[in-house]
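Enquirer: take a look and give me a structure for this.
(one chain, ligands or ions: 1)
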Amino acid sequence: MAQQEPVTSNPVTSTVEDGVAIVRIANPPVNALSAAVRGGLVRAVEAADADSSVRAIVVTAEGRTFIAGADITEFGKPPVPPTLPDAIASVEATSKPVVAAINGAALGGGLEVALGCHARVATPSAKLGLPEVKLGILPGAGGTQRLPRLIGAVPALKLMTSGDPISAKEAQSLGILDEVAEDALAAAKALALRLAGGARPAAASAATNLGDRDAFEAAAGAMAKKGAENPSIAACIDAVRAAFDKPFDEGMAIERAHFIRLRDDPRSKALRHVFFAERAAARIPGLPKGTQPRPVARAAVIGGGTMGGGIAMSFANAGIPVTLIETSEENLQRGLERVAGNYATSVKRGSLTEEARGKRMGLIEGKVGLEAAAGADVVVEAVFEEMGLKKEIFGKLQGIAKPGAVLATNTSYLDVDEIAASTSRPGDVLGMHFFSPANVMKLLEVVRGRETAPDALATAVEVGRKLAKVPVVSGVCYGFIGNRMLARRTAQADRLLIEGAMPEEVDAALNAFGFRMGPFAMTDLAGLDIGWRIRQASGKKSPVADALVEAGRLGQKTKRGYYDYAGDGRTGVPDPEVRAVIERVSAEQGVTRRAIPPEEILERLLYPMINEGARILEEGIAARAGDIDTVWLNGYGWPAGTGGPMFHADSLGLPRIVARLRDFAQASGDESLRPAALLVRLAEEGGSFAALDEKAAA
Ligand code: T1G
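Expert: Just a heads-up that it's a prediction; the model follows:
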């Protein structure tokens, strides 16, 4: 994305062209509505309104977006007038018509500024939306009052509770836009002059197009049920309902009250942390200045299994031609059929058009033999988790792949440096750890080998962003960031069974915290044999899990695992046979079982993960605590409303976590539970992971 020129002190300028004042906002990178922009906008519009040479006014922005909304970095800081609602009220109150020329994303407060104008024109590629609910708030600058009056309460409520952007075309059909034009500025100027010459359209706040009250209440009822645990949804419903029952100004006051309450709630602070952490994670620390990613026009994926097929789909979905490579025609066809099946399911579900399906399938070419990787700029190996096989493939790839091609392994655990050392081009080798299903999951761990070249690393991160993934750079260690922390949680979950808990109690503790699935339900879904094979390879034991595998209880695929799935095959119910296995293992281990309170179960699952996260930071495996949060939010379903393990640790208070880890280590004799040195230091200094990240970023 082309960066704009650094902005002058006043980010809002105004020039008069043919009797029209063009008010331009230039606040790179996304024209967020900072205090300087709000003040500049009011001054510019009021000056234009007072200028007798001006007949009409157009508000537009410079760069790749119109206005991306309020400046989220200002939240939580002392308010600087004018507030956004006041700035927008000034725009709406002018004596001359004001038309918004929307040249890109008009999101949140950006759309609300446009709603304060008397008409709106956008370019065909513009996106409009009210994403506030994704930040744990609600539109707080008139969106809940102006939009329903402009397009109707039901469509307005749908737009603000989804949080998703819509196209210019859809916005026009809803009545948000008056025109869609390639040259939005010219069209806006012409429209503004026409308005100046005739009756002005009613301002959005005066419009009375709310629509049928019963239809609104029915839609609101359905949404309230769906968003029961989402306070933003309830706030949107209450604010839009006020548009029916109250005068505009009272509705604005109700909206404002909800906005301030939600903005100051820990849930919104966590969601705002997630927003910035995900973006910060893509900034690679320590990259030599001027490092540029290598161009990627074509990809190759080695291995047409579930992961390989999903990775190939990710490239095709991003419009990047990809060669899917297998060892035989039979395996290749099986892989291609799996991909075709996945796309067919999406078309059946209505989430993909038939045309898009055809385009994407057309970008995936199936080939037999590694030689087919010769033309690729990035090659992703996605074969079995077996080091010998991976080394053999990379040993051959080094002579086949073109110079400069990035050679990535999708390994979940194995040593990327050892794989790189099996080639004569270790600078091109790194890990691109996708998460299953690879065409769906957002997380991409980019594993930086000791020898990985800076531009190869930048290429993998850039490819991750192009694939609409959330890339996080990890160093080389067993399990990288996510799986290394997951192993700690798994060990505690297994230990809790032996000490006295049942699978349903452990899963319930994480469900109550906000995880959709607990460790045992998750294992039943994936299959107990996967973990069993990894333990067999590494000589590790997990007495209960091993006993269940030996009893043929592999999970959902055998209708029995930690739970019994005799019913619909998907709903697990506790099974007395599992209770018997667990109690037998406790006895064999000489452990006297005890009732374990849910609070302790949750602490035993989360604190060792946080502790491992502190070690991952100490070792430089992750550059930021926010990166660790980003991994868990996008790869493991950590509930976003608590911001991720490290953000959550800060909100719990690090001294408490240190004390409880010491208790657990003492009680179990498990030294791995002792708090990490970094965790102890931060706790003792009154520090936090957030402060650590801010210091690293400075
Ligand atoms: N405030 C502050 N910084 C922002 C920002 C914002 N609203 N939006 C983006 N940035 C930063 C971002 O952190 C990154 O910084 C850089 O800009 C590029 O962003 C009253 C209260 C517009 C679609 O939720 O969806 O309005 O990493 O990497 O991929 O009702 O940014 O470069 O240092 O995402 O081209 C509502 C959030 C706010 C929209 C562009 N608005 N932004 O995507 O770039 S609340 C939003 C986006 C509000 C009102 C309420 C996207 C984008 P850095 P980027 P991109």
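Enquirer: switch to C-alpha atoms for all contacts and neighbour counts from now on
Expert: OK.
Enquirer: count of neighbours near the residue of the stretch 201-350 of the chain found nearest the ligand?
Expert: Relative to the ligand, the nearest point of the stretch 201-350 of the chain is R279 (4.8 Å; CA to the nearest ligand atom). Neighbourhood size, R279 [other CA atoms under 10 Å]: 15.
Enquirer: which element is it on?
Expert: Assigned by DSSP states H and E, R279 belongs to helix 266-281.
Enquirer: just the mean pLDDT for that helix, thanks.
Expert: Averaging pLDDT along helix 266-281 gives 95.
Enquirer: list the helices and strands that helix packs on?
Expert: strand 470-474, helix 625-635 (3 or more CA pairs under 8 Å, 6 or more residues apart in numbering; DSSP states H and E).
Enquirer: grab the nearest non-local neighbour of R484.
Expert: Ranked by CA to CA, 6 or more residues apart in numbering and with sequence neighbours excluded, the top spatial neighbour of R484 is Y478, at 6.4 Å.
Enquirer: that neighbour belongs to a strand?
Expert: No. Under DSSP: H, G, I helix; E, B strand; the rest coil, Y478 falls outside any strand and is assigned coil.
Enquirer: for the residue of the stretch 201-350 of the chain closest to the ligand, give me its contacts.
Expert: By CA atoms under 8 Å, 6 or more residues apart in numbering, no residues touch R279.
Enquirer: could you report the distance from it to A493?
Expert: From R279 across to A493, the span is 32 Å (CA to CA, to the nearest Å).
Enquirer: same thing with G449?
Expert: To A493, G449 is 32 Å away according to CA to CA.
Enquirer: for I22, pull up the helix or strand it's in.
Expert: With DSSP H and E as the test, I22 turns up in strand 20-25.
Enquirer: partner strands of that strand and their direction?
Expert: strand 12-17 (antiparallel), strand 56-61 (parallel) (DSSP bridges).
Enquirer: so whichever helix or strand comes after it, near the ligand or not?
Expert: The helix or strand immediately downstream of strand 20-25 is helix 35-50, counting by DSSP H and E. No. Helix 35-50 lies out of reach of the ligand by CA under 6 Å from any ligand atom, never closer than 11.4 Å.
Enquirer: which strands or helices does helix 35-50 pack on?
Expert: Packing partners of helix 35-50 (3+ CA pairs under 8 Å, 6+ apart): strand 12-17, strand 20-25, strand 56-61, helix 84-92.
Enquirer: may I see the buried residues of the last one?
Expert: For helix 84-92, a neighbour-count test (16 or more other CA atoms under 10 Å) marks 84-85, 87-92 as buried.
Enquirer: same question, stretch 482-497
Expert: In terms of neighbour count (16+ other CA under 10 Å), stretch 482-497 has its buried residues at 482-486, 488-490, 492-497.
Enquirer: between those residues, which is closest to D627?
Expert: Of all those, D627 sits closest to G482, with 10.3 Å by CA to CA.
Enquirer: from the stretch 551-698 of the chain, which residue is nearest to the ligand?
Expert: When scored by CA to the nearest ligand atom, the stretch 551-698 of the chain has A697 as its residue closest to the ligand, at 10.7 Å.
Enquirer: how about the residues of the stretch 151-300 of the chain by the ligand?
Expert: Residues of the stretch 151-300 of the chain lying near the ligand by CA under 6 Å from any ligand atom: 276, 279-280.
Enquirer: please tell me I have it right and L193 contacts V20.
Expert: Yes. If you go by CA atoms under 8 Å, L193 and V20 touch, sitting 7.4 Å apart.
Enquirer: find residues that contact each of those two.
Expert: Common contacts of L193 and V20 (CA under 8 Å, 6+ apart): 55-56.
Enquirer: before we move on, the earlier item: what's the angle from the strand holding I22 to helix 35-50?
Expert: Counting by axes from the mean of the first three to the mean of the last three CA atoms, to 10 degrees, strand 20-25 lies at 170 degrees to helix 35-50.
Enquirer: using CSV, list the CA coordinates for strand 20-25.
Expert: Extracted C-alpha coordinates of strand 20-25, given in CSV (Å, rounded to 0.1, in the frame of the first residue of the first chain):
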residue,chain,number,x,y,z
VAL,A,20,-17.4,24.2,-4.2
ALA,A,21,-15.2,24.0,-1.1
ILE,A,22,-13.3,20.7,-1.2
VAL,A,23,-12.4,19.7,2.4
ARG,A,24,-9.7,17.1,2.3
ILE,A,25,-8.6,14.9,5.3
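Enquirer: who touches it?
Expert: Residues from elsewhere that reach strand 20-25 (CA under 8 Å, 6+ apart): 11-16, 31, 37, 41, 44-45, 48, 54-62, 189, 192-193.
Enquirer: buried subset of those as a ChimeraX selection?
Expert: Burial among the contacts of strand 20-25 is assessed by 16+ other CA under 10 Å; the matching ChimeraX selection reads:
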select :11,12,13,14,16,31,37,41,44,45,48,54,55,56,57,58,59,60,61,62,189,192,193
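Enquirer: inside helices: which ones of the buried residues of stretch 482-497?
Expert: Under the assignment DSSP state H, the buried residues of stretch 482-497 contribute 482-486, 488-490, 492-497 to helices.
Enquirer: could the residues you listed go into CSV alongside distance to S232 and pLDDT?
Expert: Formatted as CSV, those follow (distance: CA to CA, whole Å; pLDDT from 0 to 100):
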residue, distance to S232, pLDDT
G482, 30, 97
N483, 32, 95
R484, 34, 96
M485, 31, 98
L486, 31, 95
R488, 34, 96
R489, 31, 96
T490, 33, 94
Q492, 35, 96
A493, 33, 97
D494, 37, 95
R495, 38, 96
L496, 36, 97
L497, 38, 97
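Enquirer: which of the residues you listed sits closest to the ligand?
Expert: Set against the ligand, the nearest of these by CA to the nearest ligand atom is G482 (22.4 Å).
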